[in-house]
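**Q** task: produce atomic coordinates for the following.
(one chain, ligands or ions: 1)
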Amino acid sequence: MKPSTAEVRQMFLNFFQNKGHQVVSSSSLIPKNDSTILFTNAGMNQFKDIFLGKEKQIYSRVTSSQRCIRAGGKHNDLTKVGFTTRHHTFFEMLGNFSFGDYFKHEAIAFAWELLTSRHWFNLPKEKLWVTVYQTDNETFDIWKKEIGVQPTQIIRIGDHQGKPYSSDNFWTMGKTGPCGPSSEIFFDHGPNLFGSPPGTLNEDGDRYVEIWNIVFMQFNRQLNGTMIPLPYPSVDTGMGLERITAVLQNVHSNYKIDVFTKLIQSAAEIIGTKDLNNKSLHVIADHIRSCAFLISDGVIPSNDNQSYVLRRLIRRAVHHGKMLGAKETFFFKLVDPLISIMDINDNNFNQKKKKIEKVLRTEEEQCTKNIERGVSLLNTELALLSDNTLRGDIVFRLYDTFGFPLEWTENICKQRNVKIDKIGFEYSMKQQRQRARNASNFHSKNKSVIYITQSSVFKGYEYLQLQTVITSINVDGESVKTISHGKHGIIVLETTPCYAESGGQIGDSGNLYDTNNSHFIIHDTQRYAQAIGHTGQIITGELHIGDTVIVKVNKQRRERICLNHSGTHLLQAALRQVLGQHVEQKGSYINDCFLRFDFSHYQAMTLEEIYEVEEIINSNIRLNALIETHVMKLETAKESGAIALFNETYSDYVRVLKINDCSIELCGGTHAKRTGDIGLFHLLSESSIAAGVRRIEAVTGDKALSILQKENKQLLNIAHLFKANRHNIYEKIHTFIQYTHNLEEKINKIENQKAIQESSLLVKNFIIIKDIKILVHALNNIEPKTLHIIIKKLKNHIGSGIIVLASILDGKVSIITNVTSNLTDYIKACDIITILAPKIDGKGGGNAHIAQAGGLNASALPEALIYIKEWLSENLKNIT
Ligand code: SER
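**A** Numbers count the residues shown, from 1 in each chain. Prediction:
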């Protein structure tokens with residue numbers, strides 16, 4: 001009996017439980033408090049601090065089945081997925097770990113017993129090959145002498161090109177962190193498959209597949225490559241669940257195991273294809289697993305970090321679906337089958353099922369729109385081709401703007417016998433990289449214009465005014481000793497109460513005086529390395545380095561900034577409460593007039609959600625809670641659940657801002673003392689600034705009140721116009737719109753009747769030149785819209801002919817001409833208009849069939865019409 005994937009997982013955990021290991025659950029795919037890796041990429045990640053000796057272990061032996069993603073960062077298999085038999089973006093890693101407990105002997109013996117014992121996996125010993133790190137004689141001997149593996153099946157693997165620790169048999173988690181030599185076990189799938197043993201030229205074939213990696217954790221790798229020994233040697237092993245299941249189910253590809261066969265079958269049914277061996281189905285079956293689990297762990301598609309990888313994965317799956325002929329949104333429909341096929345009974349996942357489906361669907365719809373726009377661009381370009389090669393810059397545009405993978409454009413072009421210019425494509429890619437490099441150089445050059453070496457102490461949390469000393473002055477980018485009357489410059493002080501712009505909060509403004517009444521107005525405060533610089537202008541006297549000065553923050557402005565900053569924290573907390581924990585700050589800007597907060601969320605907020613957020617914030621304001629700040633160790637802050645910005649580097653000690661139980665964030669900004677100080681929070685707008693990123697703008701305090709009053713005044717003014725009050729204004733406007741609508745309908749009817757009358761009168765005015773019916777005529781007070789109706793009626797009446805009809809309404813002239821299609825070879829409507837428009841001081845346009853003009857010179861109309869009549873007879877004379 002072949003075990004199912006679920007049974008293989010359970011057997012592994014049972015085996016190690018029997019050997020005294022504690023079974024530990026899988027951790028999130030997003031590493032907690034570890035910015036050295038993008039995703040959880042191995043079973044050992046959650047135990048990193050235990051290996052490093054930073055965290056005390058509770059158990060010295062554990063075992064787990066860890067969900068992993070290898071689609072970004074150091075371990076990235078994305079491009080291989082679907083095209084090999086054994087790579088995935090998402091997979092489960094079975095592992096056993098020893099923290100300073102057993103080491104090489106036991107780890108190897110355990111692995112061998114599980115793989116070969118007839119009570120467990122019962123694999124034939126001769127089908128197993130092992131590798132060891134080149135210099136690791138101890139491990140070589142264990143395999144040979146204690147386990148009895150033939151020395152010909154034990155292979156030493158050295159460093160790549162002699163670069164220390166770069167061997168496949170030296171495992172590192174990322175650029176830094178726990179690492180050590182390893183020993184890998186390979187399974188020989190048999191001579192029917194291509195490939196040769198590890199360490200040889202064709203090792204990447206499908207015949208010899210690595211199934212288990214046993215790492216002997218001994219070092220902590222530093223960024224500069226130094227290896228610091230760990231406090232105690234440990235063991236970290238990893239066996240891909242899908243690979244070992246393939247071996248035990250006697251298939252040669254992971255995509256043929258039970259889970260994948262069923263997923264592929266479901267994907268094929270949903271998309272409507274019968275081609276079950278198509279590699280695109282492998283990609284889709286793989287990607288639905290990574291995408292669904294990433295979303296369940298809180299990631300949503302966007303343009304940076306993990307969110308960007310998720311976006312790429314979804315789009316890649318959608319593209320492959322399109323290649324298979326998917327007509328409708330399909331990817332989200334795989335969530336249901338995924339849950340039953342993988343037998344997912346994880347609460348976190350199942351509770352989020354609806355959200356997972358919604359996120360996938362929204363992203364697929366956006367992606368489809370992009371594809372449609374891209375396809376239409378491609379069709380236009382293909383239609384314009386003068387030879388059979390599509391230019392590289394267009395291929396690049398499709399790739400860069402519309403997300404078309406190269407292979408995709410190539411496929412579409414192939415169907416139409418068109419080649420693509422790959423060299424041109426590469427060239428455009430290179431140019432773009434260069435542009436990106438130039439942009440970053442420019443930025444750094446600009447930043448280095450002002451170079452200040454002094455340092456300043458910020459005292460603005462406690463004081464808004466203090467006495468201090470000038471330590472540096474900078475005028476026009478030069479360091480100077482004195483700044484004299486009228487000059488603009490930057491003054492650096494030893495200590496300052498002025499807040500330098502950072503963390504989204506604008507810099508303070510204020511004033512600076514000396515005892516001689518010299519006065520420098522501070523417009524802005526910025527940080528320059530360790531110095532705090534006050535930018536402004538000296539309006540009285542002069543100031544020198546070493547002068548003692550009084551510096552005062554603009555108190556009213558600062559207070560307003562504080563209210564907006566505290567309001568921003570309440571906003572983030574309320575958004576997480578209403579929309580979910582996936583809400584993450586993507587940017588903020590806080591000044592004295594308003595606050596702006598950018599955050600991750602996949603769709604527009606509903607009005608109800610907006611009101612709920614406002615209500616929560618305002619009720620927190622009414623609670624008048626204390627806004628507390630504490631300086632603490634970064635670790636302690638993170639443990640207490642403080643929200644930190646991803647990718648931001650913090651020092652060991654951080655400032656934590658806490659508002660009641662509702663908000664706790666790392667923050668260096670200035671704040672109100674109690675929430676009640678904020679007074680009122682009013683949300684002005686909610687919009688999208690990038691896919692997956694929303695922006696809220698809001699106001700607080702007196703500004704919120706004055707905006708609400710202004711809005712209220714406007715409402716009352718409108719009510720007044722409609723002779724209504726605030727309670728019945730909506731109904732009044734509604735009735736008014738209905739009334740206008742009815743009037744419009746009546747007018748239309750009247751105009752139509754007028755058109756019928758006019759056209760029946762006009763029928764008599766046709767003249768005939770060379771058997772062609774011609775009407776050139778001016779009417780009074782007829783709308784252009786009605787002129788069109790008249791022309792239509794006349795045209796139906798005469799069947800064939802030329803009509804030039806004008807009307808003067810409120811002093812303005814409109815002319816419409818119509819030439820029936822049988823005559824456009826001789827006379828074109830647009831030519832008539834080109835002649836007439838300048839004569840009435842107007843402009844116009846149209847096609848051969850129908851054209852129109854508008855002009856201001858009504859008095860010139862009669863002459864213009866006489867002219868065109870003559871022009872027509874002249875031109876029609878020559879028709880044979
Ligand atoms: N950390 C090693 C790997 O990922 C063994 O678990 O291969």
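**Q** from this protein, which residue is nearest to the ligand?
**A** The ligand sits closest to Gly238 of the chain, with a gap of 2.4 Å, by CB to the nearest ligand atom. Using the backbone N, CA and C atoms, a C-beta is placed for each residue, glycine as well.
**Q** that residue contacts Asn41, doesn't it?
**A** No: Gly238 lies out of contact with Asn41 (CB atoms under 8 Å); the separation is 9.9 Å.
**Q** picking that back up, which SS class is the residue of the chain closest to the ligand?
**A** At Gly238 the chain is in strand, as set by DSSP: H, G, I helix; E, B strand; the rest coil.
**Q** residues in contact with it?
**A** By CB atoms under 8 Å, 6 or more residues apart in numbering, the contact list for Gly238 reads 42-44, 93-95, 212-213, 215.
**Q** if it is in a bridge, with which residues?
**A** Beta-bridge pairing of Gly238 under DSSP bridges involves Asn213.
**Q** what about the ligand: which of the contacts of Gly238 touch it?
**A** Residues of these in contact with the ligand (CB under 6 Å from any ligand atom): 42-44, 95, 213, 215.
**Q** and those residues, which of them are in strands?
**A** Under the assignment DSSP state E, these contribute 95, 213, 215 to strands.
**Q** so who does the last one touch?
**A** Under the criterion of CB under 8 Å, 6+ apart, the contact partners of Val215 comprise 44, 171, 179-182, 235-238.
**Q** 6 Å - rerun?
**A** Each residue near Val215 by CB atoms under 6 Å, 6 or more residues apart in numbering is listed here: 171, 180, 182, 236.
**Q** what about these, which are in helices?
**A** Per DSSP state H, helices hold no members of the contacts of Val215.
**Q** tell me which residues are up against stretch 317-327.
**A** Taking CB under 6 Å, 6+ apart as the rule, stretch 317-327 contacts 271, 273, 280, 283-284, 287, 330-331, 364, 367, 408.
**Q** for the nearest residue to Pro124 once chain neighbours are set aside, report the pLDDT, please.
**A** Spatial nearest neighbour of Pro124, excluding adjacent residues (CB to CB, 6 or more residues apart in numbering): Thr116 at 7.9 Å. pLDDT for Thr116: 98.
**Q** measure how buried Thr116 is and give me the count.
**A** By the criterion of other CB atoms under 10 Å, Thr116 has 16 neighbours.
**Q** does anything pack onto the single longest helix found in the chain? Which helices or strands?
**A** Of all the segments assigned as helix in the chain under DSSP H, the longest by residue count is helix 729-762. Under the contact criterion of 3 or more CB pairs under 6 Å, 6 or more residues apart in numbering; DSSP states H and E, helix 729-762 touches helix 784-798.
**Q** give me the angle between the helix it packs on and helix 729-762.
**A** Using axes from the mean of the first three to the mean of the last three CA atoms, to 10 degrees, the direction of helix 784-798 lies 40 degrees away from that of helix 729-762.
**Q** following helix 784-798, which helix or strand comes up?
**A** strand 802-809 (DSSP states H and E).
**Q** please save the CA atoms from that next one in PDB.
**A** Output in PDB follows, covering the C-alpha atoms of strand 802-809 (Å, rounded to 0.1, in the frame of the first residue of the first chain):
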ATOM      1  CA  ILE A 802     -25.900  66.400 -50.700                       C
ATOM      2  CA  ILE A 803     -27.300  68.400 -47.700                       C
ATOM      3  CA  VAL A 804     -25.700  71.500 -46.200                       C
ATOM      4  CA  LEU A 805     -27.800  72.800 -43.400                       C
ATOM      5  CA  ALA A 806     -27.100  75.700 -41.100                       C
ATOM      6  CA  SER A 807     -28.800  77.300 -38.200                       C
ATOM      7  CA  ILE A 808     -28.300  80.500 -36.200                       C
ATOM      8  CA  LEU A 809     -29.000  80.200 -32.500                       C
END
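**Q** that one pairs with which strands, and in what direction?
**A** The strands beside strand 802-809 in its sheet (DSSP bridges) come out as strand 772-780 (parallel), strand 812-819 (antiparallel).
**Q** can you give me the buried ones in the longest one?
**A** I take that to be strand 772-780. Within strand 772-780, the residues that count as buried by 16 or more other CB atoms under 10 Å are 772-779.
**Q** ditto for the last one
**A** Within strand 812-819, the residues that count as buried by 16+ other CB under 10 Å are 813-819.
**Q** on that earlier part again, out of the ones in strands among the ones next to the ligand among the contacts of Gly238, who's nearest Asp159?
**A** Val215 (16.1 Å; CB to CB).
**Q** what separation do you get for the closest one and Asn250?
**A** As judged by CB to CB, to the nearest Å, Val215 and Asn250 stand 28 Å apart.
**Q** low-scoring stretches of this structure, by residue?
**A** Filtered on pLDDT under 70, the chain yields the residue ranges 72-75, 79, 303-304, 432-453, 645-652, 880.
**Q** up against the ligand, what does it have?
**A** Proximity of the chain to the ligand, by CB under 6 Å from any ligand atom, involves residues 42-44, 95, 171, 213, 215, 236-238.
**Q** redo that, cut-off 8 Å
**A** Within the chain, the positions near the ligand by CB under 8 Å from any ligand atom are 41-44, 68, 75, 93, 95, 171, 173, 182, 213-215, 236-239.
**Q** so which residues of the stretch 451-600 of the chain form helices?
**A** Using DSSP state H, counting those that start in this stretch, the helices of the stretch 451-600 of the chain run over residues 555-579.
**Q** tell me how many other residues crowd Arg289.
**A** 25.
**Q** revised request: answer the last question for Asn618.
**A** Asn618: 19 surrounding residues under other CB under 10 Å.
**Q** Asn250 now?
**A** 9.
**Q** which residue, other than its chain neighbours, is closest to it?
**A** Nearest to Asn250 is Lys2, by CB to CB, 6+ apart, at 6.6 Å.
**Q** am I right that the one you found sits in a strand?
**A** No: under three-state DSSP, Lys2 sits outside any strand and is assigned coil.
**Q** quick one, phi psi at it?
**A** As for Lys2, its main-chain torsions (degrees, to the nearest 10) stand at phi -80, psi 130.
**Q** and the strands in the stretch 601-750 of the chain?
**A** For the stretch 601-750 of the chain, the strands defined by DSSP state E, counting those that start in this stretch cover 627-633, 653-659, 663-666, 681-690, 693-700.
**Q** ok, residues contacting the third one?
**A** What that stands for is strand 663-666. Contacts for strand 663-666 (CB under 6 Å, 6+ apart): 569, 573, 641-644, 654, 656-658.
**Q** the same query, at a cut-off of 10 Å, please.
**A** By CB atoms under 10 Å, 6 or more residues apart in numbering, the residues outside strand 663-666 that reach it are 503, 566, 568-574, 576, 585, 620, 625, 627-628, 630, 632, 634, 637-638, 640-645, 648, 650, 654-659, 675.
**Q** with the first one instead?
**A** Contacts made with strand 627-633 from outside it, assessed by CB under 10 Å, 6+ apart, are listed as 461, 562, 565-566, 569-570, 636-640, 642, 652-660, 663-664, 666-678.
**Q** just the angle between it and strand 653-659, please?
**A** Going by the same axes, to 10 degrees, strand 627-633 is angled at 150 degrees with respect to strand 653-659.
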